[in-house]
Each structure stands twice: as structure tokens, then as C-alpha cells.
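Asker: Task: produce atomic coordinates for the following.
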Amino acid sequence: MHLMKSHNKFLIITTFLLSTLFANIGLAADVTVEMLNRLDKQSNVFEPKIVRVNVGDTVLWKAKDKGHNVEFIKKGVPEGVGKFKSKFNKDVEYKFEVPGIYAYWCTPHKNMGMIGFVVVGDDKSNLEAIKNLRFSAKSKKIAPDLINEVVLGCANQAGEDNRNVARMSLLLAGIPFKVPGETVNRLCASGMSAVIHAHRAISARDGDLFISGGVENMTRGPWVISKASKAFGRDAQMHDTSFGWRFINPKMKDLYGTEGMGNTAENLAEKYNKFYDAKHRNTINQWLMAQMGTIGPVSYTHLTLPTKA
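Answerer: Here you go, the predicted model:
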């Protein structure tokens, strides 16, 4: 993947963690949302934009500035919830009796990005409806303003994915530069670790909305060359970064070994006398290929694991 030409693809391969926004965490009691004409460089805003409450809690929208109201967005509330629209320039309360996700806006400023969300309890049943809401004008840009951080997993980081690919991805995708990005490396589990990392941050109330996932293209992993150990030295090493170890610390190799996953599987097979001879190894390979659809179904009835004396 060429980072400079394919920046839109990064958002495709990430997981937009709307679901973790509604994680089961310590929820707030009754809360207050302010209706403001301006906050920092933003005009016409609800502050905060996202609140989380328990079923039975009440949200108070306080009219700090004039010209605003609260209106539930059609198809943006849980099933069975009726219409709700408050008067202008008035404080208003609403007691949330039905769990789910509530999207609302200020009626005269709905096209100017004055949109908010209330998450009630741990019910995610109307998540898809929320994701399918369509906004117009300036409100189309509301989602990037809600993002607290982008966390991506990347194991290689030796080519164009170097130097914090999460940060580069969000900038190239048009997410505001004020949103931070963090790249996580746990080798093959990097993407999953990034998702867990984001969920943990939400649970700790470090934020409400994260983009998280994984980005990798091993076929574009470059060759790398080390520097010589001394001036005019001729002991430089070259490695393919797409798989396996490189520039190995000798002590690590002596203490633990540095074989790749394939060699490790062979070592374990030999150590524990499983799938050891070529006949049984071939049978296992056939079974794996059948599972991947590389070849047609095969019969495994003859498979008996050998046990060496």
C-alpha cells in the first residue's frame, strides 16, 4: 500500500469503534449539557457533545446562550421513543427511560454541526440506525470533531508505515490535526491490541470515540541494510523486513532462539512427536489446504497421530 496515494484506504481497514463508545462502564448520574454560541473556534455547539447515563437518569440542557433548542433526530432514537422538541432559549430536562443511543440537534443549527448524542445504558440495538443517519452541510463534518484519538496496530513499520502510521493516516484522511494518533506493535496481534487499547481508554473515561484497527502490507516490506560495525567495515547485513527476525541480539538468540513461526512449529512437532514423519505432515497440509479452499475436500479418516517410543 502506497501511503501517499492510498490514504483513504486506511479508514477502510480501520475499525470505527462506535460500538466501544457504548461500552459498559461506570455511567454518569444526571448530567448537564450546555447550549453555546461559541466554544473555542467552534460556533453553535452542545458541550459536551456526547454524554452517557443510566436508564432513569435525567439530562438537563442549559440555555447558556440564546437561539438554541433540543430536538430528537428522526430515526436517531431507540424504537418506541416519541418525538421530543424543546422551546427556544429555555432550559429543558428529559428523563431517559428507554436504553439505547439518542441523536439530537438544535433545530435552526442542525446544518451547522450543532449535534449531540446521549448513550443510555448498555443497549446497542439501534447502533446501525445511528450509523446510517445522513447529515447535510457543515454537519457532515461532525464525526471527525467527535474523535478523541486514532490507534492503529502495525507490526512492521519499516517502510512507508514508519514514523507513527496512525498519525499520518488520520492527517491524510482529513481528520483534524488536533486529534492525536498512536501506533501499537504486538506483531501479529497488533490490530487487536489497538482495539483493546481503545476500549480500555474508553472504559477509563479517557475519551468517548476512537478509531482503531490495523494496517499492514507485508509485500511492501522493504529490504534494510545495517551500518557497518566500524569505519570502512564490510560486515553490513541485509534483511527482508516482511517476515522474521532481523539484526538479532546474540544473547536473545542464545537464551530463547529466534526461529520464525514455521520453524517453531517443526521444532514443537519434533519435540512432542506429533505430525513428525513426512506422511502425516503431508496429511495435515492437505487438511489445511482444504480448509482454505485451495483444494477440494479430503478424507481425514485415515489420520492417526504417530507416537514415537
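
Asker: What are the boundaries of the helices in this structure?
Answerer: For the chain, applying DSSP state H gives helices covering 7-13, 18-21, 127-131, 142-146, 165-172, 190-203, 250-256, 261-272, 278-291.

Asker: Least reliable of those helices by average pLDDT, please.
Answerer: Mean pLDDT is lowest for helix 7-13 among the helices of the chain, at a mean of 37.

Asker: I'd guessed I115 sits against N44; true?
Answerer: No - with contacts counted by C-beta atoms under 8 Å, I115 stays clear of N44, the gap being 9.9 Å. To be clear about C-beta, it is placed using only N, CA and C from the backbone, and glycine gets the same treatment.

Asker: Which one's more surrounded, those two?
Answerer: When neighbours are counted by other C-beta atoms under 10 Å, I115 and N44 differ, and I115 comes out ahead with 26 against 22.

Asker: need the contact list for that one.
Answerer: I115 is in contact with 46, 49, 73, 103-105, 135, 139, 142, counting by C-beta atoms under 8 Å, 6 or more residues apart in numbering.

Asker: How much space separates it from R186?
Answerer: In this structure, I115 lies at 36 Å from R186, with C-beta to C-beta, to the nearest Å as the measure.

Asker: Ok, L60 next?
Answerer: According to C-beta to C-beta, L60 and R186 sit 43 Å apart.

Asker: Using neighbour counts, pick out the buried residues of stretch 85-102.
Answerer: Applying a neighbour-count criterion of 16 or more other C-beta atoms under 10 Å, one finds 86, 92, 94, 96, 98-102 buried in stretch 85-102.

Asker: Now intersect those with the strands, please.
Answerer: Counting by DSSP state E, these place 92, 94, 100-102 in strands.

Asker: Nearest to T258 among the residues you listed?
Answerer: Nearest to T258 among these is I101, at 48.1 Å by C-beta to C-beta.

Asker: so V224 touches T241, yeah?
Answerer: Yes - between V224 and T241 there is a contact at 5.6 Å, judged by C-beta under 8 Å.

Asker: who has more neighbours, the two?
Answerer: Using other C-beta under 10 Å, the more surrounded residue of V224 and T241 is T241, with 17 against 14.

Asker: what's the more buried one in contact with, if anything?
Answerer: Listed by C-beta under 8 Å, 6+ apart, the contact partners of T241 are 156, 158-159, 221-224.

Asker: Got a PyMOL select line for the buried ones in the residues you listed?
Answerer: With 16+ other C-beta under 10 Å as the burial test, the buried ones among those are selected in PyMOL as follows:
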select buried, resi 156+158+159+221
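
Asker: buried set for stretch 254-268?
Answerer: Buried residues in stretch 254-268, counted by 16+ other C-beta under 10 Å: T258.

Asker: residues contacting R38?
Answerer: R38 is in contact with 44-45, 65, counting by C-beta under 8 Å, 6+ apart.

Asker: any chance of those in a markdown table, plus pLDDT and distance to M168?
Answerer: Below are the contacts of R38 laid out as a markdown table (pLDDT from 0 to 100; distance: C-beta to C-beta, whole Å):
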| residue | pLDDT | distance to M168 |
| --- | --- | --- |
| N44 | 93 | 32 |
| V45 | 93 | 29 |
| D65 | 96 | 38 |
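
Asker: Rebuild the residues you listed as JSON lines, extending it with distance to Q237.
Answerer: Output for these, formatted as JSON lines (distance: C-beta to C-beta, whole Å):
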{"residue": "N44", "distance to Q237": "59"}
{"residue": "V45", "distance to Q237": "55"}
{"residue": "D65", "distance to Q237": "65"}
